[in-house]
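Student: Generate coordinates for the sequence data below:
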Amino acid sequence: MDMKASLLTALSVLLSFSPKPSNASSSVLDTDGHELQIGVRYYILPVVRSRGGGLTLGAPRSGTCPLAVFQEQLEVSNGFPVKLSPADAGAVFLLTDLNIWFEAATICVQSTTWRLAPYDGIAKQYFVTSGVVLGNPGRETVSNWFKIEKMDRDYKLVFCPTMCDTCRVICRDVGAYVDDVMRRLALSDEPFRVMCVVTKVHAEYARHILGNTQGKGLSNAK
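Tutor: Presented below is the predicted three-dimensional model:
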């Protein structure tokens, strides 16, 4: 076997043992099995409903603005709907950096876009709050980006922004911290298993968008 053939053989062996592509380009699906769409409103609901309902905004322990992200106490309450916006302005894929914001009005003069707040020394937690600019990925907004990851057959929320190559960030799951009697979103070792339910107002719109996308042959584009 000559040198050229040996190199080709070695390369083929190396490729056969190369890591498989991750699921980073896999679409996130709602409970109807449709891909999540930008501009469509969804309820983020717990898979296990015995511990509360959907997500909402509420006053933190200090009782001041900006508002924090809480879980509704009643499991029959869906909370506020959210919208998702990827950092790259593309589709909503697994492991994609996302802005998440509530489609709701608040008593505070602020945006409803989520952010990870600085460390709370009293509660010893990193809480999810709101009130920051939408978009503009970079060092100044690194705390504003979250991800959706697969967890068995369900999904979970994660804070691990990768849109800033030079930023040092914390990478942890988002879970529910019991603050008195309220369940408040915070970084946690126990992930918050969630599902995305399209609101009734946008259900038909989402199906229309999905149908048009499939008609253009882009439904499997990653």
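
Student: okay, now the nearest residue to Leu29 once chain neighbours are set aside: neighbour count?
Tutor: Spatially, and ignoring its direct neighbours in sequence, Leu29 is nearest to Glu35 (6.1 Å; Cβ to Cβ, 6 or more residues apart in numbering). Using the backbone N, CA and C atoms, a C-beta is placed for each residue, glycine as well. When counting by other Cβ atoms under 10 Å, one arrives at 18 neighbours for Glu35.

Student: would you list every one of the helices in this structure?
Tutor: 3-16, 200-215 (DSSP state H).

Student: Lowest average pLDDT across those?
Tutor: Note on the helices of the chain: lowest mean pLDDT is at helix 3-16, with a mean of 35.

Student: Report the contact partners of the residue lying closest to Arg49 once chain neighbours are set aside.
Tutor: Distances taken as Cβ to Cβ, 6+ apart place Glu75 nearest to Arg49, at 4.3 Å, with adjacent residues excluded. Glu75 makes contact with Pro46, Arg49, Ser50, Arg51, Gly52, Gly53 under the criterion Cβ atoms under 8 Å, 6 or more residues apart in numbering.

Student: How confident is the prediction for the first one, by pLDDT?
Tutor: According to the per-residue confidence, Pro46 scores 96 in pLDDT.

Student: so how far is Arg193 from it?
Tutor: Separation of Pro46 from Arg193 (Cβ to Cβ, to the nearest Å): 7 Å.

Student: Neighbour count: the two, which is higher?
Tutor: Taking neighbours as other Cβ under 10 Å, Pro46 and Arg193 compare with Pro46 leading, 21 against 17.

Student: and that one, what are its bridge partners?
Tutor: For Pro46, the beta-bridge partners are Val194 (DSSP bridges).

Student: quick one: it and Gln71 touch, right?
Tutor: Yes. Contact criterion Cβ atoms under 8 Å: Pro46 and Gln71 qualify, at 7.1 Å.

Student: ok, now which ones touch the closest residue to Thr141 other than its chain neighbours?
Tutor: Nearest residue to Thr141, sequence neighbours excluded (Cβ to Cβ, 6+ apart): Val133, at 6.5 Å. When contacts are counted by Cβ under 8 Å, 6+ apart, Val133 is found next to Ser111, Thr113, Thr141, Asn144.

Student: Asp173: neighbouring residues, count only.
Tutor: Residues near Asp173, counting by other Cβ under 10 Å: 17.

Student: Who are the contact partners of the closest residue to it other than its chain neighbours?
Tutor: In space, Asp173 comes closest to Pro191 once its chain neighbours are excluded; the distance is 4.0 Å by Cβ to Cβ, 6+ apart. By Cβ under 8 Å, 6+ apart, Pro191 lies in contact with Met151, Lys156, Leu157, Val158, Asp173, Val174, Gly175.
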